[in-house]
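**Q** here is a sequence with its predicted model. Questions after.
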Amino acid sequence: MRVKICGITKPEQAQAIAQLGATSLGFICVEGSPRYLKPCQIRAISEQLTVPVDRIGVFADAAIEKISQIATEAGLTGVQLHGSESPQFCYKLRQLLPEVEIIKALRVKTTESLNQAGAYASCVETLLLDAYHPQKLGGTGKTLDWATLGQFRPCCPWLLAGGLRPNNVLDALRELQPDGIDLSSGVERTPGDKDLDKVALLFEKLHFLS
């Protein structure tokens, strides 16, 4: 299972989290976020990693040219679009970054929000479902209503996010069948400062599924 730990800010934590078993590290490229990093900081962290992991930059309603520039400068292997980007936007970005994974995040407010998924399946590699918050784009700690996702079967891989923590992740995975999970605030002390004990506990819990 793919496990993405998002909101990485510290090199030593990035290395430790990768060693514990994370398959993807997420870096926030949205200025103003408490977890924001500059492209040069992301690249510096990536160059210190000794474990191969996906390096995903998280954007929200940024211009295509800016995303492409940052992806190149930071050495990203993927970009996650967490704003109101349209399928057409994703398609254009795909043309510009053919070797980079594109993840489209859908902030699920109601079951109708899931109807958007089909429109994106042909222009992105992966979908991510996150909880809706009126002011914040992600990392809120708010849990999705898993019951509304019971019949969610997109024709591309998808990640479950939204309020996941070591103490509820098994419940979520028993109820749903995502291709991976994404955690941020659920394994933090404060925004951007990961709690390695919580990350280790997460992988202990996931071990019971294997």
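**A** Nice, I can see it. Numbers count the residues shown, from 1 in each chain.
**Q** quick one: low-confidence ranges for this structure?
**A** Residues of the chain meeting the criterion pLDDT under 70: 109-113, 132-142, 210.
**Q** try 90 this time
**A** 107-118, 121-122, 131-155, 208-210 (pLDDT under 90).
**Q** just the helices from it, written as ranges.
**A** 11-20, 39-48, 64-74, 87-96, 117-120, 169-175, 196-207 (DSSP state H).
**Q** can you lay out those as a markdown table showing distance to Leu81?
**A** All C-beta atoms are positioned from the backbone trio N, CA, C, and that covers glycine. Below are the helices of the chain laid out as a markdown table (distance: least, Cβ to Cβ, whole Å):
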| stretch | distance to Leu81 |
| --- | --- |
| helix 11-20 | 22 |
| helix 39-48 | 17 |
| helix 64-74 | 8 |
| helix 87-96 | 7 |
| helix 117-120 | 9 |
| helix 169-175 | 23 |
| helix 196-207 | 25 |
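**Q** could you redo those as JSON lines and give each row mean neighbour count and distance to Ser185?
**A** Output for the helices of the chain, formatted as JSON lines (neighbours: other Cβ atoms under 10 Å; distance: least, Cβ to Cβ, whole Å):
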{"stretch": "helix 11-20", "mean neighbour count": "18", "distance to Ser185": "14"}
{"stretch": "helix 39-48", "mean neighbour count": "16", "distance to Ser185": "19"}
{"stretch": "helix 64-74", "mean neighbour count": "17", "distance to Ser185": "22"}
{"stretch": "helix 87-96", "mean neighbour count": "15", "distance to Ser185": "26"}
{"stretch": "helix 117-120", "mean neighbour count": "17", "distance to Ser185": "24"}
{"stretch": "helix 169-175", "mean neighbour count": "15", "distance to Ser185": "13"}
{"stretch": "helix 196-207", "mean neighbour count": "16", "distance to Ser185": "10"}
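**Q** who touches the lengthiest strand in the chain?
**A** If you go by DSSP state E, the chain has its longest strand at strand 101-108. Contacting residues not belonging to strand 101-108 are listed as 54, 56, 77-82, 85, 90, 93-94, 113-114, 116-117, 120, 123-133, 137-138, 144-145, 148-149, 159, 161-162 [Cβ atoms under 8 Å, 6 or more residues apart in numbering].
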